[in-house]
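Colleague: here are the coordinates; sequence isn't available:
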């Protein structure tokens, strides 16, 4: 039981850690168009994301597939950017929403990429652990618990701001999507720079990127407060 709690907590802490905010940003921009009454639809989409990252988390942790960690981090930032662009284009051109099945497939594909990011942390913690199946399973459960918590918080925030504070839904989605677009664009720039420097092995987010994120989120909160 102690092993379960250890790996479960590691998975939970990993996805809810603000220093690893990229996964949270993806969930935020993916679900910013929904409120609590849409929970069933969100659950379907999140299941796709779960399916995707579970597959690559397992394959990478078991060393069946292996990719450069810097490339993985860059790819994760790109998935966030694409998701933000999609939300903005939906608002700009007022096009019909893509089918739930198509969105499920795309989010599952993006989940494959995020799963590779999850595996980097897990493999560094496993070390010389011989039996990795149970730690892998417990770690993934922790990620899922954190993911559900994050999504519930996002839906609650969306519901309060749109339904209770009466902020125009289109304006709200636009502000949120543009903020995520700017943040992910900055992430791509910084992570691409890391990828082009082979001598730099770190995959940590540069400090100035964290400062940029803090400033952008602060500006967003001020915009919402003044709306």
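Modeller: It's in. A quick note: this is a predicted structure, and the numbers were derived from the prediction, not measured.
Colleague: how about the helices of the chain, start to end?
Modeller: Along the chain, counting by DSSP state H, helices occupy 2-16, 22-31, 39-61, 69-93, 100-126, 133-159, 169-195, 207-226.
Colleague: Spit out the contact partners of residue 132.
Modeller: 61-62, 126 (C-beta atoms under 8 Å, 6 or more residues apart in numbering). Where C-beta positions appear, they are placed from N, C-alpha and C, glycine not excepted.
Colleague: I'd like to know how far it sits from residue 3.
Modeller: Plainly put, residue 132 is 12 Å away from residue 3 if you go by C-beta to C-beta, to the nearest Å.
Colleague: Repeat that for residue 108.
Modeller: As for residue 108, its distance to residue 3 is 30 Å (criterion: C-beta to C-beta).
Colleague: higher neighbour count, those two?
Modeller: Neighbour totals were compared for residue 108 and residue 3, and residue 108 leads with 18 against 11 (other C-beta atoms under 10 Å).
Colleague: What confidence value was assigned to the more buried one?
Modeller: With respect to pLDDT, residue 108 has a value of 95.
Colleague: Surely it is in contact with residue 48?
Modeller: Yes - taking C-beta atoms under 8 Å as the contact criterion, residue 108 and residue 48 are neighbours in contact, 4.0 Å apart.
Colleague: where in the protein is pLDDT low?
Modeller: Segments of the chain classed as low confidence (criterion: pLDDT under 70) are 1, 94-98, 127-130, 198-227.
Colleague: can you tell me how far residue 48 sits from residue 41?
Modeller: For residue 48, the distance to residue 41 under the criterion C-beta to C-beta works out to 11 Å.
Colleague: So the two - more neighbours on which side?
Modeller: Each of residue 48 and residue 41 has its neighbours counted (other C-beta under 10 Å); residue 48 has more, 20 against 15.
Colleague: Surely the more buried one and residue 112 touch.
Modeller: No - here residue 48 lies out of contact with residue 112, judged by C-beta under 8 Å, at a distance of 10.4 Å.
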